[in-house]
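Enquirer: Okay, here's the prediction I keep looking at, along with the sequence it came from:
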Amino acid sequence: AQSVTQLDSQVPVFEEAPVELRCNYSSSVSVYLFWYVQYPNQGLQLLLKYLSGSTLVESINGFEAEFNKSQTSFHLRKPSVHISDTAEYFCAVSGVRGAGNKLTFGGGTRVLVKP
Amino acid sequence: NAGVTQTPKFQVLKTGQSMTLQCAQDMNHEYMSWYRQDPGMGLRLIHYSVGAGITDQGEVPNGYNVSRSTTEDFPLRLLSAAPSQTSVYFCASSYLRTRDEQYFGPGTRLTVT
């Protein structure tokens, strides 16, 4: 079984400032790690994922996340946020082995970007 | 491609009523699942399916039924609605490998009074 903890439920941030969203996980098996984003009144979209290889993964819109196995963390960062980054962000894990693509989600972090 | 579609967008039920939330995908994905989203709890898996005719329970299956007669459709049935089932429900689909991206529908907001 896996569990995911997102340490901040809300993060207010000014436009062009950096932001970090913290995610820690617990699992007895090897996992894949994901960040999903939910814009207001929409479904979730994949932002980025770590499967293997380089521990630093990047998205096309400037976000990056670093997998730290020893600290069981997968924090998400962006050096300079835009108003359009206002959304809720979910960290999720799935076991490397198992039936299908069962995701375990964290509680979410709501990011509000202020002008 | 329409992706993952869900109907209805909004629904209000009285306690004890039953209803079916519809989900369809046109990407030929083997894996389909239902989640409920509640404030501060993220998304929790209700039921999932790895192919037509195969379903299994997730983390919070009580009060819900599913079936998968075709690859495309995965309806979620509430047998006797309760106020605790007030939530936003998301359907998702993906290829079968655990590394694959899941595609989410737009959600159904359900209120049970």
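Expert: Right, received. Where do you want to start? Numbering: from 1, shown residues only, chains lettered A, B, ... in the order given.
Enquirer: quick one: low-confidence parts of the chain?
Expert: Unless you meant another one, I'm taking chain A. Within chain A, the ranges that satisfy pLDDT under 70 run A:98-100.
Enquirer: think we crossed wires, I meant chain B
Expert: Residues of chain B that meet the criterion pLDDT under 70 lie in B:98.
Enquirer: give me the number of residues near A:Ser54?
Expert: Here the neighbour count serves as a burial measure; for A:Ser54 (other Cβ atoms under 10 Å in any protein chain shown) it reads 9. In short, each C-beta sits where N, CA and C put it, glycine included.
Enquirer: wait, A:Pro115 sits on A:Ile83?
Expert: Yes: A contact is recorded between A:Pro115 and A:Ile83 when judged using Cβ atoms under 8 Å, the distance being 6.5 Å.
Enquirer: In terms of helices and strands, where is B:Trp34?
Expert: B:Trp34 is part of strand B:31-38, with elements assigned from DSSP states H and E.
Enquirer: List the buried residues for that strand?
Expert: When burial is assessed from 16 or more other Cβ atoms under 10 Å in any protein chain shown, strand B:31-38 yields the following buried residues: B:Tyr31, B:Met32, B:Ser33, B:Trp34, B:Tyr35, B:Arg36, B:Gln37.
Enquirer: beta partners of the spatially most central residue of chain B?
Expert: For chain B, the residue sitting closest to the mean C-alpha position, by Cα atoms, centre = their mean, is B:Trp34 at 2.9 Å. With DSSP bridges as the criterion, B:Trp34 is bridged to B:His47, B:Cys91.
Enquirer: What segments of the chain are strands?
Expert: I'll assume chain A. In chain order, chain A shows strands spanning A:2-6, A:10-14, A:19-21, A:23-27, A:31-38, A:44-50, A:56-58, A:64-68, A:73-78, A:87-95, A:104-105, A:109-114, with DSSP state E as the criterion.
Enquirer: Can you look at chain B instead?
Expert: In chain B, the segments counted as strands under DSSP E are B:4-7, B:10-13, B:19-25, B:31-38, B:42-51, B:54-57, B:64-66, B:76-78, B:87-94, B:103-104, B:108-112.
Enquirer: any chance of those in a markdown table, plus distance to A:Ser30?
Expert: Written out in a markdown table, the entries for the strands of chain B read as follows (distance: least, Cβ to Cβ, whole Å):
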| stretch | distance to A:Ser30 |
| --- | --- |
| strand B:4-7 | 28 |
| strand B:10-13 | 39 |
| strand B:19-25 | 28 |
| strand B:31-38 | 19 |
| strand B:42-51 | 19 |
| strand B:54-57 | 21 |
| strand B:64-66 | 29 |
| strand B:76-78 | 31 |
| strand B:87-94 | 19 |
| strand B:103-104 | 24 |
| strand B:108-112 | 34 |
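Enquirer: right, and those - which one's nearest A:Gly95?
Expert: Ranking these by proximity to A:Gly95 (Cβ to Cβ) places strand B:42-51 first, at 12.6 Å.
Enquirer: Tell me the buried residues in stretch B:14-25?
Expert: Using 16+ other Cβ under 10 Å as the burial criterion, the residues of stretch B:14-25 that qualify are B:Leu21, B:Cys23, B:Ala24, B:Gln25.
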